[in-house]
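Peer 1: give me a 3D structure for the following:
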Amino acid sequence: MLAEIITIGDEILIGQIVDTNSAWMAKQLNLTGVSVKQITSVSDDEQHILGALAQAEKRADIILITGGLGPTKDDITKKTLAKYFNMGFRRDEGALEMVRQIFEKYNRPLLDINIQQADVPDGCEVIVNKNGTAPCMWFEQHDKIFVSMPGVPFEMMYLMDDEILPRIKSRFELPAIVHKTILTANIGESFLAKEIEEIEDALPAHIKLAYLPKLGQVRLRLSATGNDESSLKSEVETYARQIISKVEKFVVIDEDIPLEQAVLNIMKVRGLTLSTAESCTGGYIAHLITQHPGCSSVYWGGAVAYAYSLKESVLGVKENTLTTFGAVSEQTVTEMAEGAIKHFKTDYAIAVSGIAGPDGGTADKPVGTVWIAISSKNKTVAKVFNFSNKRIQNIERSAASALTMLLNLLKETV
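Peer 2: Reported below is the predicted structural model:
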């Protein structure tokens, strides 16, 4: 069963917003057993939308469309769908009642433009949107299914979870798809591929291995397709064990979770706490950590200390250390990390100080020079990294390296 996703909106094509809808939908469809054939983004232009619909109908069995269902004149998806299917319009009472309820809830006047949200192509089935005013529309033509949903992410997600995916599952006999992800760090993609080459070459045709690189990390994803889910899980687990055994020292965790969440999970199980002392990363490590629910049981907080004065007053770095060795040095990050342990009273601390760029470098400390220290109550480990002259990449690489160093220190104390 093949699906295609079409996202509609000029705001996507000019980079004003990022199309997160497609990524989320593709993941949910894949878990259901539906393969996504293509993802297309088109502008709010009738001819572009008509062309995309015609091409998608040739390629896929299910076409999922998001965006362009608002009440304003630039939202033309509904009218374009009516033209594509050669349909007139009707007013759907269920959709209209939902619009009324939403406006009453927020004590807003109901305008004609809002009432028109309930006007839909007369040949579609309306799926009431319980979280917004734009109804979801289900069309069937030439044994193909077209579903048009609002582009607002939370509205689309509720519709997919509560209505669309259950309908697809009940309508079609779908294959089982099993995934297994292994997160690695401190090894490049090509070196990793070389290490596990024999295992990859021995994989049966129904099991695929994908490499998903990120700065400082590579995720390995084993994907198996078939009819017997239990058998597939057993097979995938067997090959995953072989890979882990081969590259064990580079393996972070065998789950599809980010590096920082893997660290948080380990520390939570052990009842350990963490603080951060950041300079060049500007709080990025704290941001990565605090986006995960439940992080407060591990992460107590930290400091973003750019200026020498803050490194001294907040983290306890000695003035002599800074004047003698500079902010970007082993001595300074060591005192930053140990100061965080002392002042924030945590079990572990991360400290980062470097030259993110694109300027500020010197002959002995060029742009991309980053010192990282990880401290526990009994040990401090410091390491220098030489990254690129790209500021954002240097910040992301620093965070990944710091979290990996923390993970390695945690492994030592198992």
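Peer 1: for the rest of this, base every contact and every neighbour count on C-alpha atoms.
Peer 2: Will do.
Peer 1: my read: Glu396 touches Gln217, true?
Peer 2: No: taking Cα atoms under 8 Å as the definition, Glu396 is not a contact partner of Gln217, at 10.9 Å.
Peer 1: neighbour count winner among these two?
Peer 2: Comparing Glu396 with Gln217 by other Cα atoms under 10 Å, the one with more neighbours is Gln217, at 24 against 17.
Peer 1: which residue packs closest to that one, ignoring adjacent ones?
Peer 2: Nearest residue to Gln217, sequence neighbours excluded (Cα to Cα, 6 or more residues apart in numbering): Ala185, at 4.4 Å.
Peer 1: next up, the contacts around that neighbour.
Peer 2: By Cα atoms under 8 Å, 6 or more residues apart in numbering, the contact set of Ala185 is Gly216, Gln217, Val218, Phe250, Val251, Val252, Thr404.
Peer 1: swap the cut-off to 10 Å and go again
Peer 2: When contacts are counted by Cα atoms under 10 Å, 6 or more residues apart in numbering, Ala185 is found next to 192, 213-219, 249-253, 259, 400-401, 403-405.
Peer 1: again, but for Thr404
Peer 2: Thr184, Ala185, Asn186, Gly216, Gln217, Phe250, Val252, Leu259, Glu260, Val263, Ser398, Leu410.
Peer 1: Three-state assignment for it, please.
Peer 2: At Thr404 the chain is in helix, as set by DSSP: H, G, I helix; E, B strand; the rest coil.
Peer 1: got it, and Leu183?
Peer 2: Secondary structure, three-state DSSP: Leu183 is strand.
Peer 1: how near is the closest residue in space to it that isn't next to it in sequence to Lys194?
Peer 2: What sits nearest to Leu183 in space, not counting adjacent residues and going by Cα to Cα, 6+ apart, is Arg219, at 4.5 Å. Between Arg219 and Lys194 the computed distance is 15 Å (Cα to Cα, to the nearest Å).
Peer 1: so for these two, which sits in the more crowded spot?
Peer 2: Arg219 (24 against 10).
Peer 1: then that one would be within a helix, right?
Peer 2: No: Arg219: not assigned to a helix; according to three-state DSSP it is strand.
Peer 1: per-residue pLDDT, it?
Peer 2: As predicted, Arg219 sits at a pLDDT of 94.
Peer 1: give the contact list for it.
Peer 2: Shown in contact with Arg219 (Cα under 10 Å, 6+ apart): 181-185, 189, 210-213, 251-258.
Peer 1: which among those residues end up buried?
Peer 2: Neighbour-count burial (16 or more other Cα atoms under 10 Å) applied to the contacts of Arg219 gives Thr181, Ile182, Leu183, Thr184, Ala185, Glu189, Tyr211, Val251, Val252, Ile253, Asp254, Pro258.
Peer 1: thinking the fourth one is in contact with Val247, fair?
Peer 2: Which is Thr184. Yes: assessed by Cα atoms under 10 Å, Thr184 is found in contact with Val247 at 8.6 Å.
Peer 1: joint contacts of the two?
Peer 2: Leu192.
Peer 1: tell me which stretches of the stretch 151-300 of the chain form helices.
Peer 2: 153-159, 165-171, 189-195, 197-201, 229-246, 259-270, 284-290 (DSSP state H, counting those that start in this stretch).
Peer 1: could you export those helices as TSV, including mean pLDDT?
Peer 2: Listed next are those as TSV, based on pLDDT from 0 to 100:
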stretch	mean pLDDT
helix 153-159	94
helix 165-171	94
helix 189-195	95
helix 197-201	97
helix 229-246	96
helix 259-270	96
helix 284-290	98
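Peer 1: of those helices, give the one that comes closest to Asn378.
Peer 2: Nearest of these to Asn378, taken as Cα to Cα: helix 259-270 at 16.2 Å.
Peer 1: CA atoms of the closest one as PDB?
Peer 2: Provided in PDB are the C-alpha atoms of helix 259-270 (Å, rounded to 0.1, in the frame of the first residue of the first chain):
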ATOM      1  CA  LEU A 259      21.600  11.200  22.700                       C
ATOM      2  CA  GLU A 260      20.600  13.600  25.500                       C
ATOM      3  CA  GLN A 261      17.500  11.500  26.300                       C
ATOM      4  CA  ALA A 262      19.600   8.400  26.500                       C
ATOM      5  CA  VAL A 263      21.900  10.100  29.000                       C
ATOM      6  CA  LEU A 264      18.900  11.400  31.000                       C
ATOM      7  CA  ASN A 265      17.400   7.900  31.200                       C
ATOM      8  CA  ILE A 266      20.700   6.400  32.500                       C
ATOM      9  CA  MET A 267      21.100   9.100  35.100                       C
ATOM     10  CA  LYS A 268      17.400   8.900  36.200                       C
ATOM     11  CA  VAL A 269      17.700   5.100  36.800                       C
ATOM     12  CA  ARG A 270      20.800   5.700  38.900                       C
END
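Peer 1: domain map for the chain?
Peer 2: Per automatic domain parsing, the structural domains of the chain span 2-171, 176-253, 259-412.
Peer 1: so which of those is the most surrounded?
Peer 2: Among these, ranked by average contacts under mean count of other Cα atoms under 10 Å, first place goes to domain 259-412 (a mean of 20).
Peer 1: quick one, what contacts Lys318?
Peer 2: By Cα under 10 Å, 6+ apart, the contact list for Lys318 reads Tyr308, Ser309, Lys311, Glu312, Gln331, Thr332, Glu335, Met336.
Peer 1: and it, backbone torsions?
Peer 2: In terms of degrees, to the nearest 10, the main-chain angles of Lys318 are phi -70, psi 140.
Peer 1: measure it to Gln291 for me?
Peer 2: 33 Å.
Peer 1: and His142, by the same measure?
Peer 2: Distance, His142 to Gln291, using Cα to Cα: 45 Å.
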